[in-house]
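Q: Below is the sequence, then the predicted model.
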Amino acid sequence: MEIVFGPVHSRRFGRSLGVDLSPKIKQCNFDCVYCELQKAKSVDSMGDVVPLQEIIESVKKALEMHQCDVLTLTANGEPTLYPHLKDLISNLKKIVPDSIKLLLLTNGSLLWKADIREALQGLDILKFSCDSLEKRAFKRIDRPHSSLSLETIKEGIVRFCEEFKGEIVAEVLFVKGINDSLSQAQEIAAFLASLPLCRVDIGSIDRPPAYKVEAISDERLETLAQCFYAYPHLQVNLPKRKDSNNISSQQAKSYTQEQLLGLIKRRPLSIKDAQNMFDSQTLALLDTLCQKGDIKQCRVGLDTFYQV
């Protein structure tokens, strides 16, 4: 599977070129119930490590071929588990143009480690998740590795926010019946309000999840959002899925079968997303793969998604 994928249109960051630090298998210290990747047992380290130079060369090649607003370090799992993270980020800063921001998406679980915080200082943007500060709900929704402690994670987030000079974004994802109580939302909002954040993204499940869990209603999401609006200095983003489909047809791209399967495996796409992202040849290939059973369709709410 390819290391670099996309560009993908991100509702929050624009055109995102993804860098998968674990392209072959899922390697994560969480096993979140809402994850759009396949379920997998949590781990505390990467057993399958992509060589640093292989990632650098893949990024160089991709930057020659594609335009993007952000280069997003992610993983088929948790990117801060990558053992050469500091060297990777420092090398990427040398080859990525100033016009492209370097972003990393993390569950925030390893920010208590000094070497991880140091490695991340070269980023322009870091986005971390914070789904619950209540121990029982945290274990139910994020299913963390046994080595992780909620209090330690929380302390690490605070330390990182004190030291980091770039932009910090937090994300909260609510799941019906697990972390959608007012008391939990109030606790999360109070904690995030104490941090120097550029933005807080709140939402619910909008892609096929790894486990049988449900999204909360738009009405419930609006109710929980009031807990965050109570802090006027917080910039709260409550995205609407219908807005994510307004992508110019001029951005339609051609994908090979390997690229298409790799992209959808990492990020299930709605039918509307696909129609806006792909050219006619790729859409025909998508239809063929669906007929062969290599790609399946499933419904989440009102949308139908392509999923590997």
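A: Received it, and whenever you're ready, just let me know what you need.

Q: CA atoms for contacts and neighbours, from now on please.
A: Will do.

Q: Would you map the helices across the stretch 201-308 of the chain?
A: 218-229, 257-266, 271-277, 280-292 (DSSP state H, counting those that start in this stretch).

Q: So what sits opposite the spatially most central residue of the chain in the bridge?
A: For the chain, the residue sitting closest to the mean C-alpha position, by CA atoms, centre = their mean, is residue 105 at 5.3 Å. With DSSP bridges as the criterion, residue 105 is bridged to residue 127.

Q: Can you give me the pLDDT of it?
A: Residue 105 carries a pLDDT value of 96.

Q: surely it meets residue 128?
A: Yes. If you go by CA atoms under 8 Å, residue 105 and residue 128 touch, sitting 6.1 Å apart.

Q: Counting neighbours, what do you get for the residue lying closest to residue 34 once chain neighbours are set aside?
A: Spatial nearest neighbour of residue 34, excluding adjacent residues (CA to CA, 6 or more residues apart in numbering): residue 209 at 4.5 Å. As a burial measure, residue 209 scores 20 neighbours (other CA atoms under 10 Å).

Q: Can you tell me how far residue 209 is from residue 203?
A: As for residue 209, its distance to residue 203 is 14 Å (criterion: CA to CA, to the nearest Å).

Q: Then residue 268?
A: Distance, residue 268 to residue 203, using CA to CA: 17 Å.

Q: Also residue 114?
A: For residue 114, the distance to residue 203 equals 30 Å [CA to CA].

Q: Also residue 234?
A: Distance from residue 234 to residue 203, by CA to CA: 16 Å.

Q: Between these two, which has more neighbouring residues?
A: More neighbours surround residue 203 than the other of residue 234 and residue 203, with 22 against 19 (other CA under 10 Å).

Q: For the closest residue to that one other than its chain neighbours, which residues are in contact?
A: In space, residue 203 comes closest to residue 173 once its chain neighbours are excluded; the distance is 5.0 Å by CA to CA, 6+ apart. The contact partners of residue 173, taken as CA atoms under 8 Å, 6 or more residues apart in numbering, are 129-131, 202-205.

Q: wait, is residue 173 part of a helix?
A: No. Secondary structure assignment (DSSP: H, G, I helix; E, B strand; the rest coil) places residue 173 in strand, not in a helix.

Q: Going forward, the N-terminal residue is numbered 769.
A: New numbering, starting at 769: the last item is residue 941.

Q: hmm, back to that, looking at the helices of the stretch 969-1076 of the chain, which is nearest to residue 932?
A: Closest to residue 932 of the helices of the stretch 969-1076 of the chain, according to CA to CA: helix 986-997, at 22.9 Å.

Q: and that closest one, what does it pack onto?
A: In terms of contacts (3 or more CA pairs under 8 Å, 6 or more residues apart in numbering; DSSP states H and E), helix 986-997 is packed against helix 950-961, strand 967-972.

Q: Flag the shaky bits of the protein, pLDDT-wise.
A: Along the chain, the model assigns pLDDT under 70 to residues 769, 1007-1019, 1035, 1067-1071.

Q: Mind splitting it into its structural domains?
A: Following automatic domain parsing, one finds the domains of the chain at 772-1007, 1020-1076.

Q: Okay, now the shortest one: how far is its last residue from its first?
A: End-to-end distance of domain 1020-1076 (CA to CA): 21 Å.

Q: quick one: secondary structure of residue 933?
A: At residue 933, secondary structure determined by three-state DSSP is coil.

Q: which residue sits closest to it, ignoring its sequence neighbours?
A: Closest to residue 933 by CA to CA, 6+ apart is residue 889, at 7.3 Å.

Q: Show the contacting residues for that neighbour.
A: Applying CA under 8 Å, 6+ apart to residue 889 gives the contacts 932-934.

Q: Closest one to residue 866 out of those residues, please.
A: Proximity of those to residue 866 (CA to CA) peaks at residue 934, which lies at 13.9 Å.

Q: now the spatially closest residue to the closest one that is not a sequence neighbour: how far from residue 819?
A: Distance criterion CA to CA, 6+ apart; nearest residue to residue 934, sequence neighbours excluded, is residue 892 at 5.0 Å. Distance, residue 892 to residue 819, using CA to CA: 23 Å.

Q: and if you look at residue 1075?
A: Counting by CA to CA - residue 1075 and residue 819 are separated by 28 Å.

Q: which of those two has more neighbours?
A: With neighbours defined as other CA under 10 Å, residue 1075 and residue 819 compare such that residue 1075 has more, 23 against 11.

Q: ok, the more buried one touching residue 1039?
A: No. Using CA under 8 Å, residue 1075 is not in contact with residue 1039, being 10.6 Å away.

Q: How many neighbouring residues does residue 1038 have?
A: By other CA under 10 Å, neighbour count at residue 1038 equals 23.

Q: Repeat that for residue 903.
A: Using other CA under 10 Å, residue 903 has 11 other residues around it.
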